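# need coordinates for the below:
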Amino acid sequence: MSEGNDSDPNLDQKPPNVPPASSSASPHPIPRNAFTALMSREGKVPTKPANILHKSTSNAFSKFDKRDGLGSYIQNPERSNVSQIIFYNDEFVGINDLYPKSSVHCLLLPRSPKHQRMHPVAAFEDREFLASVRENAAKLKTLVAKELQRRYARFSAQEKAREAVLNGEVELKDGEELPEGRDWEQEVRVGIHAHPSMNHLHIHVISVDCFSEKMRYKNHYNSFSTPFFVELDAFPLSADDERRHPGRNGYLNSNLKCWRCGRDFGVKFALLKEHLAVEFEEWKKE
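As a prediction, the model looks like this:
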């Protein structure tokens, strides 16, 4: 996918930014990287990457082509770039988002021919399909939470006791268990955009921090911080749910409000971005 797609504030885009699963055991495994370990057990990954997401050099690369960009992962995950694939099975593919809007941002792609090009609101009326989506989204959410813990546990006050044991500073007594630490799954959101930017159905599994260099526009931020982002747990939506008609309420044009403290920045996106960097550091310390 060309970098040009990221300049479109209406595109949440295709997929990454999380370490992929390794296709073979490493003689020197990274200590305590639970995310990598889990992914290596959870699903298949390609052993021979293919250059599927090449940059187009032609001006004829159409908007329609860009919006179909997730299709290659769905059809041929085994031939996709190994750095982007987290896991895949017969029904779903989990990938890193190519233009992440938080420090960890992944996508779950259904492979069902019946559902893969449907609007999520319609697709999730199928309760059997929705149950399958929830099951695989939960799997990806756990992996994202493990990655957050791997990256940020050393900064977190809630992880202090656990880190002390893991670092050898404290020894557990007989019968004692390793402290659980922070519940990182609480720091992960799962949902869809009420008006998706890509033609293929995709579910966002994203950390709450909104800290990324790819978060470049007001629309980017509001697409995740307003009801434009619909949590997976909300489905199926009732017939009168206003989120079925996102354009009526102008969610993307709403004032910019900090996800963590609620401060209203109006339309001053540059100021919000500076503030988000500060909040990111404070969030890590919780």
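# which stretches in the protein count as helices?
With helices called from DSSP state H, the chain shows them at 34-42, 63-67, 71-75, 120-123, 127-152, 160-166, 218-225, 269-285.
# just checking, what packs against the last one?
Judged by 3 or more CB pairs under 8 Å, 6 or more residues apart in numbering; DSSP states H and E, helix 269-285 is in contact with helix 218-225. Where you see a C-beta, it was placed from the backbone N, CA and C, and this is true even at glycine.
# hey, C-alpha coordinates of the helix it packs on in CSV?
The C-alpha trace of helix 218-225 is given here as CSV (Å, rounded to 0.1, in the frame of the first residue of the first chain):
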residue,chain,number,x,y,z
LYS,A,218,-8.6,15.0,13.1
ASN,A,219,-10.6,12.4,11.3
HIS,A,220,-8.1,9.7,12.3
TYR,A,221,-8.5,10.5,15.9
ASN,A,222,-12.3,11.0,16.0
SER,A,223,-12.8,7.7,14.1
PHE,A,224,-11.5,5.9,17.3
SER,A,225,-12.6,8.4,20.0
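# who wins for proximity to residue 194 among the helices of the chain?
Nearest to residue 194, of all the helices of the chain, is helix 120-123, at 7.6 Å by CB to CB.
# could I get that closest one in PDB with only the CA atoms?
Taking Å, rounded to 0.1, in the frame of the first residue of the first chain, the C-alpha atoms of helix 120-123 are listed here in PDB:
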ATOM      1  CA  PRO A 120     -20.100  -5.100   9.500                       C
ATOM      2  CA  VAL A 121     -23.500  -3.900  10.800                       C
ATOM      3  CA  ALA A 122     -25.200  -6.200   8.400                       C
ATOM      4  CA  ALA A 123     -22.700  -9.100   8.700                       C
END
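# how about it: buried residues?
For helix 120-123, burial by neighbour count (16 or more other CB atoms under 10 Å) applies to 120-121, 123.
# ok, residue 180 touching residue 161?
No. In this structure, residue 180 is not within contact of residue 161 by CB atoms under 8 Å, at 9.1 Å.
# which one's more surrounded, the two?
Under the neighbour definition other CB atoms under 10 Å, residue 180 and residue 161 were set side by side, and residue 161 has more, 14 against 10.
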